[in-house]
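*Asks:* Got a sequence here, can you build the structure:
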Amino acid sequence: MQLEILTPEHKVYSGNVYGIQLPGIEGSFEILEKHAPMIASLGAGKMKILKDKNNTELYEITGGFAEVLNNKVSVLIEDANALG
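*Replies:* This is a model prediction of the structure:
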């Protein structure tokens, strides 16, 4: 699936991924291939990009929104800091 992560200042990530784990305002959740359309509010916490089953990137985010539509995930966040 296609993933795009943006802050007001720059593009954090753009590319094909296996999935993404996000900190929702009511708890963490995961989006995988062919997920149903949705919009979710994000809280502060850890965002994990699953590039494939063995390769991940981890970020600390401060909140924002995620949209899933037609096997594309758009994540709009205030800020992201790479971890690890």
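
*Asks:* what sits against G24?
*Replies:* 40-43 (Cβ atoms under 8 Å, 6 or more residues apart in numbering). Heads up, the C-betas are built off the backbone N, CA and C, glycines and all.

*Asks:* What is the neighbour count of Q21?
*Replies:* Neighbour count for Q21, taken as other Cβ atoms under 10 Å: 17.

*Asks:* Mind listing the residues bridging to it?
*Replies:* On the basis of DSSP bridges, Q21 is bridged to E30, K48.

*Asks:* excluding its backbone neighbours, what's nearest P37?
*Replies:* In space, P37 comes closest to L69 once its chain neighbours are excluded; the distance is 5.0 Å by Cβ to Cβ, 6 or more residues apart in numbering.

*Asks:* partner residues bridging that neighbour?
*Replies:* Where L69 sits in a bridge, its partners, by DSSP bridges, are K72.

*Asks:* quick one: it from I31, how far?
*Replies:* Distance from L69 to I31, counting by Cβ to Cβ, to the nearest Å: 11 Å.

*Asks:* Same check on E4?
*Replies:* 13 Å.

*Asks:* Count residues in the vicinity of G84, would you?
*Replies:* Neighbours of G84 (other Cβ under 10 Å): 6.

*Asks:* which ones are touching it?
*Replies:* L58.

*Asks:* out of the contacts of G24, which one sits closest to A80?
*Replies:* L42 (10.9 Å; Cβ to Cβ).

*Asks:* so the residue nearest to that closest one when sequence neighbours are not counted bridges to which residues?
*Replies:* Excluding the flanking residues, the one nearest L42 by Cβ to Cβ, 6+ apart is G64, at 4.8 Å. For G64, the beta-bridge assignment (DSSP bridges) gives partners L42, I77.

*Asks:* residues near G64, how many?
*Replies:* Counted with other Cβ under 10 Å, residues neighbouring G64 total 23.

*Asks:* Who are the contact partners of N71?
*Replies:* The contact partners of N71, by Cβ under 8 Å, 6+ apart, come to 1-2, 33-35.
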